[in-house]
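> no sequence for this one, just the structure:
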């Protein structure tokens, strides 16, 4: 049943923790509420996974931008901090699983919110596949025996791309198992992995900066990329854009978090801040410590080459092993976030096989079916790597565009609500403290967040032949992102039309939507 009390008041103390608060939105407490502040932080940080993403896309950013691509990092981070600030407000007021879907639905309407959730969950599946592919950047350099297919480990070679798919499928099998086993097991793996990643990232920063071969002034130099300085920066920004996504995962896990109205906003901002700072320093350290900026290896082998050649084979391999851990935990965290989105939409009867997808194992507190669906779909995407090495970049860029667009489908309606004076600004958290709020800065921050998100979406999706089809002959990779997005929207529209005709769709809890948007 759904209460008519305001959605942003302090939860009632009786009953299981969070149950009364969740009931106001029309839901029962089914997921196990076992995550503390650090576990919530770990959910966001491990999705971002600075070691996974920086190691995966550093070579690409450097190849197109040269040393100057470093300056795209603070620009992208500033833009994403604006988005994260808006999300922190929403996490405090709507602490529900399926954050993007739930927030967009309550800020706009059920149809628009459904498409935001649909695009987001498909994007998350693609991110899972892209994260799993990152193993190819570190495992063969760690030990040549991990190159199971062919002899060339470069992810841009046919054998490297095929091997990346094989390693990725193995990893997905493991993360799917963990996502089925138990909420506490998943949380423990996340916490341990994030701790190891933070320690490893700090060590990498210190070692790279203490082994610098040149001054930071080199970051004002362009490389041999195409399109001049502006083109170098626009394409070089892909690296930072790919790294700094997923901070909303702390909101995704709200129904499993203690005191989510207080915890989630803080961990959304701290996860992005910590990852952004560490990632920027790693990029800078890699440029300064690289043996050569002109031999071409930095644009093909990336940071793995810098670690093993500048820090020594032994130390470099130890750090690469830590990166492997980070990649595994990142894949797990991203898959978990996608599972919660599927669960949230299915719980409202908004997906095929909704009843099965919304079922929570009462013993483990985990929705098992979404984990299997995400794992299988992500593994199927990895098969594209067997078709062409260019799939590596196409998959990576597509997932960023999908998430950026879904984010804009939240910040856009939020801005309209602010301009109309309808965004709830009051309320207290579980401890009686005022909810996180941007106050009078809400409209300018929100407007800049939306503008940044839309501009970056266009930049990422632009079908540059030099980027997506450098060898020629694969026009579908050049247009892959736009085609995939169009197919996603078309499939969603077709499904909704089918459900309307059959009258089988269960309604979104409109009372909760109206209550939250009143």
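Happy to help now that I have it. Owing to the predicted nature of the structure, the values given are computational and were not obtained by experimental measurement. Numbering: from 1, shown residues only.
> Contacts only, for residue 399.
123-124, 126-127, 129-130 (CB atoms under 8 Å, 6 or more residues apart in numbering). (Glycine included, C-beta is placed from N, CA and C.)
> go with 6 Å
Neighbour list for residue 399: 123, 126-127, 130 [criterion: CB atoms under 6 Å, 6 or more residues apart in numbering].
> just the residues you listed now: which is nearest residue 192?
For the contacts of residue 399, the closest approach to residue 192 (CB to CB) belongs to residue 127, at 21.8 Å.
> any idea which helix or strand carries the closest one?
Per DSSP states H and E: residue 127 is located in helix 110-133.
> Can you tell me the SS state at the residue most central in space within the chain?
Taking CA atoms, centre = their mean, the centroid of the chain lies closest to residue 246, which sits 2.9 Å from it. Recorded secondary structure, residue 246: coil (DSSP: H, G, I helix; E, B strand; the rest coil).
> thought it was touching residue 48?
Yes - with contact defined as CB atoms under 6 Å, residue 246 counts as touching residue 48 (5.1 Å).
> same for the helix holding residue 127, what does it pack against?
Packing partners of helix 110-133 (3 or more CB pairs under 6 Å, 6 or more residues apart in numbering; DSSP states H and E): helix 99-107, helix 158-181, helix 313-347, helix 368-382, helix 391-419.
> ok, and what's touching that helix?
52, 100-101, 104-105, 164, 168, 171-172, 330-331, 334-335, 337-338, 341-342, 345, 350, 374, 377-378, 381-382, 395-396, 398-399, 402-403, 405-406, 409, 488, 492, 508.
> Double-check residue 288 against residue 212; I have them as touching.
Yes - counting by CB under 6 Å, residue 288 does reach residue 212; the two are 4.0 Å apart.
> Tell me which of the two has more neighbours.
residue 288 (22 against 16; other CB atoms under 10 Å).
> which residues does that one contact?
212, 214.
> Could you rerun that using 7 Å?
208-209, 212-214, 216 (CB atoms under 7 Å, 6 or more residues apart in numbering).
> I'd like those written out as JSON lines, with distance to residue 447 and pLDDT added.
Putting the contacts of residue 288 into JSON lines (distance: CB to CB, whole Å; pLDDT from 0 to 100) gives the following:
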{"residue": "208", "distance to residue 447": "37", "pLDDT": "95"}
{"residue": "209", "distance to residue 447": "37", "pLDDT": "95"}
{"residue": "212", "distance to residue 447": "40", "pLDDT": "95"}
{"residue": "213", "distance to residue 447": "43", "pLDDT": "95"}
{"residue": "214", "distance to residue 447": "40", "pLDDT": "95"}
{"residue": "216", "distance to residue 447": "33", "pLDDT": "95"}
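> List only buried entries from those.
208, 212 (16 or more other CB atoms under 10 Å).
> Which of the contacts of residue 288 fall within strands?
With strands defined by DSSP state E, no entry of the contacts of residue 288 lies inside them.
> any idea which helix or strand of this protein has the worst average confidence?
Every helix and strand of the chain was ranked by mean pLDDT, DSSP states H and E. The lowest is helix 510-517, at a mean of 40.
> Quick check: pLDDT value at residue 90.
Note for residue 90: predicted pLDDT of 96.
> Check which helices and strands whichever strand or helix holds it sits against.
When elements are assigned from DSSP H and E, residue 90 belongs to helix 72-93. When contacts are defined as 3 or more CB pairs under 7 Å, 6 or more residues apart in numbering; DSSP states H and E, helix 72-93 packs onto helix 228-243, helix 249-252, helix 260-289, helix 391-419, helix 442-461.
> which of the residues in that helix are buried?
Buried-residue list, helix 72-93, by 16+ other CB under 10 Å: 72-73, 76-77, 79-93.
> The residue nearest to the centre of the chain against residue 46, yeah?
No - applying CB atoms under 7 Å as the test, residue 246 and residue 46 come out as separate, 8.5 Å apart.
> For the nearest residue to residue 276 once chain neighbours are set aside, give me its contacts.
Nearest residue to residue 276 in three dimensions, chain neighbours excluded: residue 77, at 4.2 Å (CB to CB, 6 or more residues apart in numbering). By CB under 7 Å, 6+ apart, the contact list for residue 77 reads 240, 244, 276.
> so what's the first one closest to, chain neighbours aside?
Meaning residue 240. residue 76 (3.7 Å).
> Check the second one too.
Leaving out its chain neighbours, the residue that sits closest to residue 244 by CB to CB, 6+ apart is residue 80, at 4.5 Å.
> so that neighbour makes contact with residue 272?
Yes - at 6.1 Å, residue 80 counts as touching residue 272 under the criterion of CB under 7 Å.
> Could you pull out the residues contacting both of these two?
What both residue 80 and residue 272 touch, as defined by CB under 7 Å, 6+ apart, is the set residue 244.
> Number of residues surrounding residue 123?
For residue 123, the neighbour count with other CB under 10 Å is 27.
> ok, so what distance separates it from residue 133?
According to CB to CB, to the nearest Å, residue 123 and residue 133 sit 15 Å apart.
> Tell me where the model's unsure across the chain.
1-17, 223-227, 503-518 (pLDDT under 70).
> picking that back up, list the contacts of the next helix-or-strand element following the helix holding residue 127.
Per DSSP H and E, the first helix or strand lying C-terminal to helix 110-133 is helix 135-142. The contact list for helix 135-142, computed with CB under 7 Å, 6+ apart, reads 55-56, 146-147, 153, 155, 160, 163-164, 167-168, 171, 302, 304, 308, 317, 320-321, 323-324, 327.
> The helices and strands packed on helix 72-93: which one's closest to residue 498?
helix 391-419 (22.4 Å).
> For the closest one, what is the distance to the chain centroid?
From the chain centre to the centre of helix 391-419 is a distance of 11 Å (CA atoms, centre = their mean, to the nearest Å).
> same thing with stretch 448-460?
16 Å.
> Ok, stretch 369-382 next?
16 Å.
> circling back: want to try JSON lines for the contacts of residue 399, with distance to residue 442 as columns?
Formatted as JSON lines, the contacts of residue 399 follow (distance: CB to CB, whole Å):
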{"residue": "123", "distance to residue 442": "26"}
{"residue": "126", "distance to residue 442": "32"}
{"residue": "127", "distance to residue 442": "29"}
{"residue": "130", "distance to residue 442": "33"}
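> hang on, residue 291 in a strand?
No - looking at residue 291 with three-state DSSP, it is coil, so not inside a strand.
> Okay, buried residues for the helix holding residue 127 please.
Applying 16+ other CB under 10 Å to helix 110-133 flags 110, 113-133 as buried.
> Likewise for stretch 22-41?
Neighbour-count burial for stretch 22-41, with 16+ other CB under 10 Å as criterion, is recorded at 22-27, 29-33, 35, 37-41.
> now the end-to-end length of stretch 282-298.
Using CA to CA, to the nearest Å, the end-to-end distance of stretch 282-298 comes to 14 Å.
> ditto for stretch 386-393
Counting by CA to CA, you get 13 Å between the two ends of stretch 386-393.
> List the buried residues of it.
388-393.
> just to revisit the earlier point, so the residue nearest to residue 276 versus residue 242, what's the distance?
From residue 77 over to residue 242 (counting by CB to CB), the distance is 13 Å.
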